[in-house]
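Chemist: Can you look at this prediction? I've put the sequence above it.
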Amino acid sequence: MPSKQIPESIENRWDILYRDYAEIYDRFGRVPKTPTVVEALHQHFPLSGKTVADVGAGSGLSTFDLARFAAQVIGIEPEAAMRELALQAAREQNLPNVTFLEGSAEAMPLSDDSVDVVVGVTLASLYNEDNILAFDREAVRVVRPGGQILLVDIASGWYGGELAPVIRDKPDEDPYEILHDQTLRACGFEYLDFFTDQDYGTLDNIIQTFGFIFGRKAIQYLREHNQTTIRWKFRIHYKTVK
Ligand SMILES: C[S@@+](CC[C@H](N)C(=O)[O-])C[C@H]1O[C@@H](n2cnc3c(N)ncnc32)[C@H](O)[C@@H]1O
């Protein structure tokens with residue numbers, strides 16, 4: 001069998017990444033972050049003893065990190081290739097408090113009032129108002145009264161981390177990011193921001209993962225500056241269910 005021809009970059013086509021290059025996404029996701037997104041989440045919203053649904057679980061990296069703190073974590077993921085990687089890693093680690101289900105942010109395979117917290121870590125699929133409202137309705141349905149909905153995303157203006165100005169075509173804020181924040185605020189979410197530093201170790205690794213995803217402009221910049229780390233600003237949108 002001839003091996004798959006891999007392009008230099010998928011130029012920000014995350015749909016193609018999840019479907020055809022799940023292993024490269026997984027490698028990108030495994031690059032150490034200090035703190036991890038889940039460590040920052042747990043610091044602000046303690047997860048100990050809680051049942052958590054991790055929506056958009058991907059290859060399971062956020063789910064496994066949540067399982068260090070929460071009592072039980074249910075990873076929900078629509079993309080088969082990503083779910084397969086998650087299931088394989090879960091088997092290898094033999095984690096008793098983790099399960100994975102097929103489903104989406106808009107249709108969670110969970111009963112009413114069945115979890116303490118719904119988490120979405122870089123879910124990024126909430127791209128229009130209808131879609132955010134559908135997620136909010138669904139999360140409110142499955143979270144018990146007094147529980148929380150926590151969405152962690154790259155902060156507005158920080159897509160691509162500190163290389164955002166290099167990657168963006170225009171200096172303006174992205175209208176999608178403005179809409180995203182405004183719609184969540186209208187649904188009753190507040191937010192707080194934190195920083196994390198990601199260390200790729202080598203130039204080859206950062207080009208084959210970050211560069212592969214974020215495009216040729218990023219690759220050129222990383223080569224010119226011999227840069228192997230990326231600083232990110234993340235935003236936690238949070239709300240308590242009444
Ligand atoms: C950037 S990955 C994040 C994975 C994981 N949360 C982590 O941090 O390791 C986003 C994931 O959301 C999934 N996704 C895309 N659309 C979705 C939807 N409508 N509902 C739930 N997940 C979705 C993608 O397939 C992908 O696996």
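Modeler: Nice, I can see it.
Chemist: for this protein, what spans make up the strands?
Modeler: Counting by DSSP state E, the chain has strands at residues 33-34, 51-55, 72-77, 98-102, 115-121, 143-154, 190-199, 229-240.
Chemist: So which elements touch the last one?
Modeler: With contacts defined as 3 or more Cβ pairs under 8 Å, 6 or more residues apart in numbering; DSSP states H and E, the packing partners of strand 229-240 are helix 37-44, strand 143-154, helix 175-186, strand 190-199. Where you see a C-beta, it was placed from the backbone N, CA and C, and this is true even at glycine.
Chemist: In TSV, list these along with mean pLDDT, mean neighbour count and distance to the ligand.
Modeler: Output for the helices and strands packed on strand 229-240, formatted as TSV (pLDDT from 0 to 100; neighbours: other Cβ atoms under 10 Å; distance: least, Cβ to the nearest ligand atom, whole Å):
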stretch	mean pLDDT	mean neighbour count	distance to the ligand
helix 37-44	97	18	7
strand 143-154	97	19	8
helix 175-186	86	16	14
strand 190-199	98	15	12
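Chemist: Tell me how many other residues surround His225.
Modeler: Neighbour count for His225, taken as other Cβ atoms under 10 Å: 11.
Chemist: Okay, it and Leu203: tell me how far apart.
Modeler: According to Cβ to Cβ, to the nearest Å, His225 stands 10 Å off from Leu203.
Chemist: Mutual contacts of these two, please.
Modeler: By Cβ atoms under 8 Å, 6 or more residues apart in numbering, His225 and Leu203 have no common neighbours.
Chemist: Taking the centroid of this protein, which residue is nearest it?
Modeler: By Cα atoms, centre = their mean, the chain has its centre lying nearest to Thr122, at 2.4 Å.
Chemist: bridging residues for the closest residue to that residue other than its chain neighbours?
Modeler: In space, and not counting its chain neighbours, Thr122 is closest to Asp153: 6.0 Å by Cβ to Cβ, 6 or more residues apart in numbering. Asp153 has these beta-bridge partners by DSSP bridges: Arg235.
Chemist: From what I see, Asp153 and Lys233 are in contact.
Modeler: No. Look at Asp153 against Lys233 with Cβ atoms under 8 Å: they stay out of range, at 10.2 Å.
Chemist: Low-confidence stretches in the protein?
Modeler: Along the chain, segments meeting pLDDT under 70 span 1-4, 124-127, 170-173.
Chemist: residues in it within reach of the ligand, list them.
Modeler: Counting by Cβ under 6 Å from any ligand atom, the chain comes close to the ligand at 18, 29, 55-58, 61-62, 77-79, 82, 104-106, 121-125.
Chemist: Could you give me the PyMOL syntax to select whichever of those are buried?
Modeler: Command for PyMOL, covering only those of the residues of the chain next to the ligand found buried under the criterion 16 or more other Cβ atoms under 10 Å:
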select buried, resi 18+29+55+56+57+58+61+62+77+78+79+82+104+105+106+121+122+123+125
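Chemist: Excluding sequence neighbours, find me the nearest residue to the residue in the chain positioned nearest to the ligand.
Modeler: Distance from the ligand to each residue of the chain (Cβ to the nearest ligand atom) is smallest for Gly58, at 2.6 Å. Once flanking residues are discounted, Gly58 sits nearest to Met82: 4.9 Å by Cβ to Cβ, 6+ apart.
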